[in-house]
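Colleague: Dropping the sequence and predicted coords here.
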Amino acid sequence: MKKIFTLALFCLAPLCLTAQTNCGNAPALIPGLHNATFAQGSTPPSTICVNGISNNPTMGIWYSYTPIANYTATISTSVQGYPNRDTRVHVYSGSCDNLVCVGGDDDSGPNQSSIVSFTAIRGVNYHIAFDNNWDSNAFAFRLSEDALVIPPFTAQNFSLLGDKMCVVDLNGDYLDDIVAPGGAQQNFQNVYVMYQNYNGGFTSATLTTPPFNFDPSWSMAAGDFDKNGYNDLLYGDYGGASLLLANNTGTGFSSVLQSTQFIFSQRTNFVDINNDGNLDAFICHDTAPNCYFLNNGAGGFTYHQGGIGDYPSGGNYGSIWIDYDNDGDMDMFIAKCRGGGDSASIDELHRNNGDGTFTNVAQEAGFADFHQSWSAAWADFDNDGDMDVLVGGSASPHKLMRNNGDGTFTDISANSGFDVDASLSYEHVAHDFDNDGFVDVLGGGNKIMHNNGDMTFRAIPISAGSGPIGDLNNDGFLDIVNGNFIHMANPNGNNWIKILLQGLTSNRNGIGARIEIIGEGNGWTKQIRDVRSGDGFEYMSSLNTHFGLGLTDALDMVVVKWPSGTIDYITNPTINQALAVVEGSFPLSRLDVNADKFTLYPNPAKETLNIKSINNFSAQKASIYSLDGKLVKTENIKDSSVSVQQLAKGTYLIILQGKDGKQYTSKFIKG
């Protein structure tokens, strides 16, 4: 994957530094263009500030940097006019005998070059180190200083044994915990956990597991496979997959289910494939058709291969389950990767036919082209009620695809911001990081591609690289775990709501549910999310569903459409807190409870629905919804009536808003 080039040593203005062999003799660095040359006998950095493979580097190049004012500083080895080298860079604060990672990068620039931005504080001494993990040739780099922008995140160092971290509730309290299976230096038969406390901070624990064969070397997912109230862990490895089942107290793992057939695992997911109320385990296969463990509902599974991604030589990398066609069941997209124009690199979109079978519709949908990607970020980026996608490039340009609402997509990459984003990455995920009501994308290059609300995006430098995501201090803003840092989001005054699900007929996590929020937002009237386990390529993020509201200070309704077909309607939910929804607790039949406020007549109504107010209630605004939660009409009320002439025959839900802003609900029939 990595290529080594040869280049004669060169010296660039404004300076050509020599004594760069260790932290102690690192020369001072100033903004501008520089050359860097590895020397035999130099000291490679031992504190590594990036994730990924380490090939035991043997040489290092060191610099010292002390800014004279507060800046956003950027180190880039992608310099116009000079070859891009396969570099790796680390940025530290602290003394040479106690270096603390501030940032780092490997491969986010073009052709495996490095780009890292960090907050540089006046008078603080930073150390910058390059190593020869991939390439020992000389290279050029640039240090630039830009006006300091208050960072979206603040990095907090933490210590947790383990590897391949995920963020998910592990003890049944719906607070996101940090979960890490043991890494190479630890015992993989243990699971190391930082439980989030209600009053802030974390409590560490080590959970034991029975023996198992396959580690999470490629990916992991979480979900309650056996419906005992505690999330289980799915590990994807070269050779197979292991499913660790939590015990009935959430204090350890009691049993293991795993494959006996060979699987070169890539992305893993929990999803209810056959919609029987039990989660199944899906595993992308790199070298053959995909596999899944079909939950038998009795503590075991039936192994299946094929039917959802059947290309003979695989190429299956980043599977993600979404309802792209709004028909109420989960479809599956596979971001595929294989070099040299191999047909295994053609992305696949598998439509759920609703009968346990799937059809690859990538050709008619607009995805069937050669594109190398390890992951795709799906979200309703334009808040028009259907799922769009950023197919993230790992060795190809990014593709931003707008859902046309008819089963097809249009490539709108040009002028979107992604057309000039050169930060290729294995990881691309979609979340609303600043709570403004529009979903952003986290990919490569230590930045968030911020959604401008019009299907264009701009890069916002952040301290974090890719990693699992969740609310780790319960403040309603999403945080990122990356390496040994929790990058805590800095609240910005925007409002939010979190939805916590407990399925009964559906799977306990509500994975596969469609959640909608309805209100008068800045540029939106509805937002949607699909509840899913496993996005991006390797990490597992929170199963709680998060919405940013911007400055919107009230919502009309939250609608939860469960995989079972049950729909819950919650009117006037309180914002800036978590909303717990147990399946079937808020049915439509419970909404007709406002007889003391108004009556509707005639009911059924053909042309006009009249509103008779009671107890001084005065209706100012009406919103009408179909029983599947779709907003079909909204209008300001005049003469205590609403026209329903254009509505199709059927039963509807009407929400009336009074002068005090409170809302009341009832049903009526259009005859």
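Modeller: Arrived safely, thanks for sending. Numbering: from 1, shown residues only.
Colleague: In this structure, where is pLDDT below threshold?
Modeller: 1-19, 149-150, 163, 183-188, 340, 588-595, 628-629, 661 (pLDDT under 70).
Colleague: In it, spot the strand with the most residues.
Modeller: Criterion DSSP state E: the longest strand present in the chain is strand 232-246.
Colleague: tell me the angle of the helix or strand that that one is followed by relative to strand 232-246?
Modeller: Using DSSP states H and E, the helix or strand that follows strand 232-246 in sequence is strand 253-258. Per axes from the mean of the first three to the mean of the last three Cα atoms, to 10 degrees, the angle that strand 253-258 makes with strand 232-246 is 130 degrees.
Colleague: Which strands border strand 253-258, and is each parallel or antiparallel?
Modeller: As defined by DSSP bridges, the strand partners of strand 253-258 come to strand 232-246 (antiparallel).
Colleague: Just the buried residues of the strand it pairs with, please?
Modeller: 232-237, 240-246 (16 or more other Cβ atoms under 10 Å). Quick note: C-beta positions are derived from backbone N, CA and C, even for glycine.
Colleague: Three-state assignment for residue 576, please.
Modeller: Of the three states, residue 576 takes coil under DSSP: H, G, I helix; E, B strand; the rest coil.
Colleague: distance of the spatially most central residue of the chain from residue 448?
Modeller: Centroid check for the chain by Cα atoms, centre = their mean gives residue 429 as the closest residue, at 3.8 Å. To residue 448, residue 429 is 10 Å away according to Cβ to Cβ, to the nearest Å.
Colleague: Give me the common contacts of these two.
Modeller: Taking Cβ atoms under 8 Å, 6 or more residues apart in numbering as the criterion, residue 429 and residue 448 both touch 441, 442.
Colleague: related to what we said a few turns ago, wait, isn't the residue nearest to the centre of the chain in contact with residue 469?
Modeller: Yes. Counting by Cβ atoms under 8 Å, residue 429 touches residue 469, with 6.7 Å between them.
Colleague: any shared contact partners between the two?
Modeller: With Cβ under 8 Å, 6+ apart, residue 429 and residue 469 have common neighbours 442, 541.
Colleague: Strands along the stretch 101-250 of the chain, start to end?
Modeller: With DSSP state E, counting those that start in this stretch, the ranges of strands along the stretch 101-250 of the chain come out as 115-120, 126-131, 139-147, 153-157, 166-168, 177-181, 190-196, 202-208, 219-223, 232-246.
Colleague: Dump the first one to PDB, restricted to CA.
Modeller: Right, strand 115-120. Coordinates of the C-alpha atoms in strand 115-120 are reproduced here as PDB (Å, rounded to 0.1, in the frame of the first residue of the first chain):
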ATOM      1  CA  ILE A 115      -1.800  17.700   7.300                       C
ATOM      2  CA  VAL A 116      -2.500  18.500  10.900                       C
ATOM      3  CA  SER A 117      -4.000  21.700  12.500                       C
ATOM      4  CA  PHE A 118      -3.900  22.500  16.200                       C
ATOM      5  CA  THR A 119      -4.500  25.300  18.600                       C
ATOM      6  CA  ALA A 120      -1.200  27.000  19.300                       C
END
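Colleague: Check which helices and strands that strand sits against.
Modeller: Contacts defined by 3 or more Cβ pairs under 8 Å, 6 or more residues apart in numbering; DSSP states H and E place strand 115-120 against strand 71-76, strand 88-93, strand 100-106.
Colleague: I figured residue 463 hits residue 153, correct?
Modeller: Yes. Assessed by Cβ under 8 Å, residue 463 is found in contact with residue 153 at 5.2 Å.
Colleague: shared neighbours of the two, which are they?
Modeller: Common neighbours of residue 463 and residue 153 (Cβ under 8 Å, 6+ apart) are residue 487.
Colleague: What residues are bridge-paired with the residue nearest to residue 358 when sequence neighbours are not counted?
Modeller: Counting by Cβ to Cβ, 6 or more residues apart in numbering, residue 358 lies nearest to residue 350, which is 4.2 Å off, once chain neighbours are set aside. When assigned by DSSP bridges, residue 350 has beta-bridge partners residue 332, residue 360.
Colleague: which residues sit in contact with residue 350?
Modeller: Contacts of residue 350 by Cβ under 8 Å, 6+ apart are 308, 309, 331, 332, 333, 334, 358, 359, 360, 361.
Colleague: can you give me the strands for the stretch 251-400 of the chain?
Modeller: 253-258, 263-271, 280-285, 291-295, 301-305, 316-322, 331-336, 348-352, 358-360, 375-379, 388-392, 399-403.
Colleague: Residue 227 is nearest to which of those?
Modeller: Evaluated over those, closeness to residue 227 peaks at strand 291-295, with 9.4 Å, by Cβ to Cβ.
Colleague: tell me the angle that closest one makes with strand 232-246.
Modeller: Angle of strand 291-295 versus strand 232-246, following the same axes, to 10 degrees, is 40 degrees.
Colleague: Isn't residue 302 up against residue 291?
Modeller: No. Distance between residue 302 and residue 291: 11.3 Å, which falls outside the contact criterion (Cβ under 8 Å).
Colleague: Figure out which of the strands of the stretch 101-250 of the chain is closest to residue 58.
Modeller: Closest of these to residue 58 is strand 126-131, at 8.5 Å (criterion: Cβ to Cβ).
Colleague: If we go by neighbour counts, what in the closest one is buried?
Modeller: 126, 127, 128, 129, 130, 131.
Colleague: which residues sit in contact with the last one?
Modeller: The one in question is residue 131. Listed by Cβ under 8 Å, 6+ apart, the contact set of residue 131 reads 44, 45, 57, 59, 60, 61, 88, 90.
Colleague: rerun that using 10 Å as the cut-off
Modeller: Taking Cβ atoms under 10 Å, 6 or more residues apart in numbering as the criterion, residue 131 is in contact with 38, 42-46, 48, 54-61, 87-90, 106.
Colleague: Now it: closest residue in space that isn't a chain neighbour?
Modeller: Nearest residue to residue 131 in three dimensions, chain neighbours excluded: residue 57, at 3.9 Å (Cβ to Cβ, 6+ apart).
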